[in-house]
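K.L.:
The sequence and its predicted three-dimensional model are supplied below.
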Amino acid sequence: MSGYSAPHCGSLRASDEGRDVELYGWVARRRDMGGVIFIDLRDRWGKVQVVFNPAVAPAAHEAASDLRSEFVVRVAGSVRRRPSGSENPRLETGDIEVAASDLEVLSPSEPTPFPLEDSEEPDEKTRLEYRYLDLRRPRMTRMLELRNKVNRIIRDYMEEREFIEVETPILTRSSPSGARDFLVPSRLHPAEFYALPQAPQMLKQLLMVSGVQRYYQIARCFRDENLRADRQPEFTQLDVEMSFCNEEDVFALIEGLFAKLWQETAGVTLAAPFPRLDIKESFLRYGSDKPDLRYELEIADLGDALGNTKADIFRKVLAADGVVRALSVPHGRDMARRELDELVTVAKGAGGQGLAWLPGGPLDKFLSEQEIESIKRLTMAGPDDLVLIAADRRRKAETVMGLIRQEIARRRKLIREGEWKFLWINPTYLFDEDDQGKLTYAHHPFTRPFAEDMSFVEERPYDVRAHAYDIVCNGYELGGGSLRIYDPGMQERVFQLLGMPLDVIRARFGTLLQAFTYGVPPHGGIAPGIDRIVMMLGGTDNIRDVIAFPKTQSMSDLMLGAPSEVDQSQLDELNIKVVPPKKDRS
RNA sequence: GGUCCCGUGGUGUAGCCUGGCCAAACACGCGGCCCUGUCAAGGCCGAGAGCGCCGGUUCGAAUCCGGUCGGGACCGCCA
């Protein structure tokens, strides 16, 4: 058997006419005419029709009548042009067919638990349980191929620019990131644990100290946080770090890479350089740090218009340092009460208080004519438009309006499909507020601040800009990075501002800080998410579609049955004693 | 931690709101028979679920209620 060198079912063309071939593949479909039998034989490259004629090859025909879907077979025969008029334009191989002389069933198949076709998708639960079958579907095979192609283009591109791929450990130490770690117990060090990398952050910076200068890695990352449609507990990043660079170098590198990826996989020419948007402005205008710019629907701040309002709901929120934000829905004037209610549900689902609207709501009589005019002006609402208003603490109001903006665009079909709206979120700011209203780092503590902004860091810390950036496309964050601090004085200052005790700093960042005393090049980097890139290029909004063996929202692998309990002996060896989960305890 | 949606033959759906007409319908698939040019092949015949699970309400539950398990979307979370 030499199926390896055999021609592919899906690759045969009219030019192969007359060839004697041996084909290997799966039976996609059998059509038994009583006399002649047709099968569509499928392999990774596509399908081809095979004909079994009882008058020509009686034994093969006899065997073919026992064929069923998904049988694995070897077929010998000759490629011939189909009889005139029976070509199938829906098949790439539709001009020809293979006249079978011999058939061998290599492996039979039970009826599959769901049809292996693209037309109808079974429940995702079933697909995941039988993922090995799901991946046989052409759509999923295409996703695997696309992902491979993306990886290959990335490697070519990075190599051309003299980056080298360096592998970093999977068994590592808890890193200075904000996410929950996955831990791995150490047999040789009882009561101690490795952590899986959330990203190779510290290691790539250490590689800069090592003089690698241009590093990249297609790196698996692990974060034990809750899942979303675009988030898996393990995912893959193109991890990049380079020495002696500024932001423009990073932007140009990544814009070039995305341009190449889009060109070579989608045939799309991207308009570079990508526009840049200050993160505060992004939250204000779009209610998000990853805005979808394929539609307008800009959010307006009504603070100025309502400065002296008598409307209680707004007055109270503004007095409590909150904000009032609004969005004009084009031709929304006639929006059904039902749709309005659904939008309110969306707002509440995001933790908001709800929504107010103008006109037609109870608000009409609480606002002065002048206020209503100002609101119309700020939201640029025309006579047919409806203004939706959320009042809340800033962060909450932004989240709510951001979601409402998305929902309106989706419902009203305002999204210009086919467009690729790339942008950089830049600059961002060094600090953020944590739950208790305390200063915390917005990115990670090595993010380099704008040197000139440090002069007012004491008075207005939240206005200190950072050399950090996210790349965003069509509402997805495709990656983020920063220039790093390499000056020990600056680093100390930042730690001090964060109120981080020296022992914490030593424990978590000691290695890096020490390394920086031996000659560290100024450096910076970025880490685009490969899963999301493939999602975009593959036209799916589900990250599971671009991962061969993904996990469910509750982090289970339905095919393998992971996670699972383990033998007591394994636990003993690791010095681990399992405590029953809280629910089970009395 | 929270909000919302979903769970009916192998698959996809209908039925559920408004309980009885449902020992559950349709299509695909599956099994058998017929058929020598089909390609979503066609024709005829047939098998296959008691409605995720547990409990409750009711004369009566796929349908109403509570819980639970599983899947999904989102908020929090994810520098």
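P.N.:
Done, it's in. Residues are numbered from 1 along each chain as shown, chains lettered A, B, ... in the order given.
K.L.:
Count the residues that sit near A:Leu67.
P.N.:
When neighbours are defined as other CB atoms under 10 Å, A:Leu67 has 22 of them. Backbone N, C-alpha and C define where each C-beta goes, glycine included.
K.L.:
Over to it. Which of the three states is it?
P.N.:
Secondary structure for A:Leu67, judged by DSSP: H, G, I helix; E, B strand; the rest coil, is coil.
K.L.:
List the residues that contact it.
P.N.:
Residues in contact with A:Leu67 (CB atoms under 8 Å, 6 or more residues apart in numbering) are A:27, A:30, A:37, A:39, A:73, A:103, A:105.
K.L.:
if we take the residues you listed, which one ends up nearest to A:Lys376?
P.N.:
Ranked by distance to A:Lys376 (CB to CB), those are led by A:Val27 at 65.2 Å.
K.L.:
which residues sit in contact with the closest residue to A:Met500 other than its chain neighbours?
P.N.:
Spatial nearest neighbour of A:Met500, excluding adjacent residues (CB to CB, 6 or more residues apart in numbering): A:Pro445 at 7.4 Å. A:Pro445 sits next to A:176, A:494-495, A:498, A:500, A:509 when contact means CB under 8 Å, 6+ apart.
K.L.:
Please tell me how far A:Pro445 sits from A:Phe222.
P.N.:
Separation of A:Pro445 from A:Phe222 (CB to CB, to the nearest Å): 21 Å.
K.L.:
Could you do A:Arg465 as well?
P.N.:
Taking CB to CB, one finds A:Arg465 at 31 Å from A:Phe222.
K.L.:
Those two - which one has more neighbours?
P.N.:
Set A:Arg465 next to A:Phe222 and count neighbours by other CB under 10 Å: A:Phe222 wins out with 19 against 16.
K.L.:
close enough to count as contact, that one and A:Gln198?
P.N.:
Yes. Using CB atoms under 8 Å, A:Phe222 makes contact with A:Gln198 at a distance of 6.4 Å.
K.L.:
and A:Gly351, helix, strand or coil?
P.N.:
Quick answer, by three-state DSSP: A:Gly351 is coil.
K.L.:
Please identify the nearest residue in space to it, excluding sequence neighbours.
P.N.:
In space, and not counting its chain neighbours, A:Gly351 is closest to A:Lys396: 6.1 Å by CB to CB, 6+ apart.
K.L.:
list the contacts for that neighbour?
P.N.:
A:350-352.
K.L.:
Go back to those and keep what's next to RNA strand B.
P.N.:
Applying CB under 7 Å from any atom of the strand to the contacts of A:Lys396, one finds that A:350-351 fall near RNA strand B.
K.L.:
From the contacts of A:Lys396, list the buried ones, please.
P.N.:
A:350, A:352 (16 or more other CB atoms under 10 Å).
K.L.:
how about the nearest residue to the closest residue to RNA strand B within chain A, chain neighbours excluded?
P.N.:
Residue nearest to RNA strand B within chain A (CB to the nearest atom of the strand): A:Gly35, separated by 2.0 Å. Excluding its sequence neighbours, the residue lying closest to A:Gly35 (CB to CB, 6+ apart) is A:Pro54, at 6.0 Å.
K.L.:
For the one you found, pull up the helix or strand it's in.
P.N.:
For A:Pro54, there is no host helix or strand (DSSP states H and E).
K.L.:
circling back to that earlier point, just give me the neighbour total for the residue of chain A closest to RNA strand B.
P.N.:
Neighbours of A:Gly35 using other CB under 10 Å come to 10.
K.L.:
So it, which state does it fall into?
P.N.:
A:Gly35 is classified as coil under three-state DSSP.
K.L.:
again, but for A:Lys204
P.N.:
helix.
K.L.:
average pLDDT across stretch A:297-315?
P.N.:
Mean per-residue pLDDT for stretch A:297-315: 88.
K.L.:
same question, stretch A:509-520
P.N.:
Mean predicted lDDT for stretch A:509-520 stands at 92.
K.L.:
repeat for stretch A:352-372
P.N.:
For stretch A:352-372, the mean per-residue pLDDT is 85.
K.L.:
Just the residues contacting it, thanks.
P.N.:
So stretch A:352-372 is contacted by A:305-306, A:309-313, A:333, A:340, A:343-344, A:347-348, A:375, A:381, A:386-392, A:396-397, A:399-400, A:404 (CB under 8 Å, 6+ apart).
K.L.:
How about stretch A:78-97?
P.N.:
A:9-14, A:16-21, A:46-51, A:98-99, A:101.
K.L.:
ok, now with 10 Å
P.N.:
If you take CB atoms under 10 Å, 6 or more residues apart in numbering as the criterion, stretch A:78-97 is touched by A:7-21, A:23, A:38, A:40-41, A:45-51, A:77, A:98-101.
K.L.:
tell me how far that stretch is from the chain's mean position?
P.N.:
The chain centroid and the centroid of stretch A:78-97 are separated by 40 Å under CA atoms, centre = their mean, to the nearest Å.
K.L.:
Return the residues of the stretch 151-300 of chain A in contact with RNA strand B.
P.N.:
Counting by CB under 7 Å from any atom of the strand, the stretch 151-300 of chain A sits next to RNA strand B at A:177-180, A:198-199, A:201, A:223, A:225-231.
K.L.:
ok, now which ones touch A:Val105?
P.N.:
A:27, A:63-64, A:66-68, A:71-74 are the contacts of A:Val105 under CB under 10 Å, 6+ apart.
K.L.:
rerun that using 6 Å as the cut-off
P.N.:
A:Val105 makes contact with A:71, A:73, according to CB atoms under 6 Å, 6 or more residues apart in numbering.
K.L.:
tell me the phi and psi of it?
P.N.:
Note on A:Val105: its backbone torsions stand at phi -80, psi 120 [degrees, to the nearest 10].
K.L.:
what's the distance between it and A:Lys47?
P.N.:
On the measure of CB to CB, A:Val105 and A:Lys47 end up 18 Å apart.
K.L.:
Could you check the pLDDT of A:Lys583?
P.N.:
52.
K.L.:
Could I get the full set of helices for the stretch 251-400 of chain A?
P.N.:
Ranges of helices within the stretch 251-400 of chain A are A:279-286, A:312-319, A:337-349, A:369-379, A:394-411, based on DSSP state H, counting those that start in this stretch.
K.L.:
try the stretch 1-150 of chain A
P.N.:
For the stretch 1-150 of chain A, helices defined by DSSP H, counting those that start in this stretch occupy the ranges A:58-64, A:124-129, A:131-134, A:138-160.
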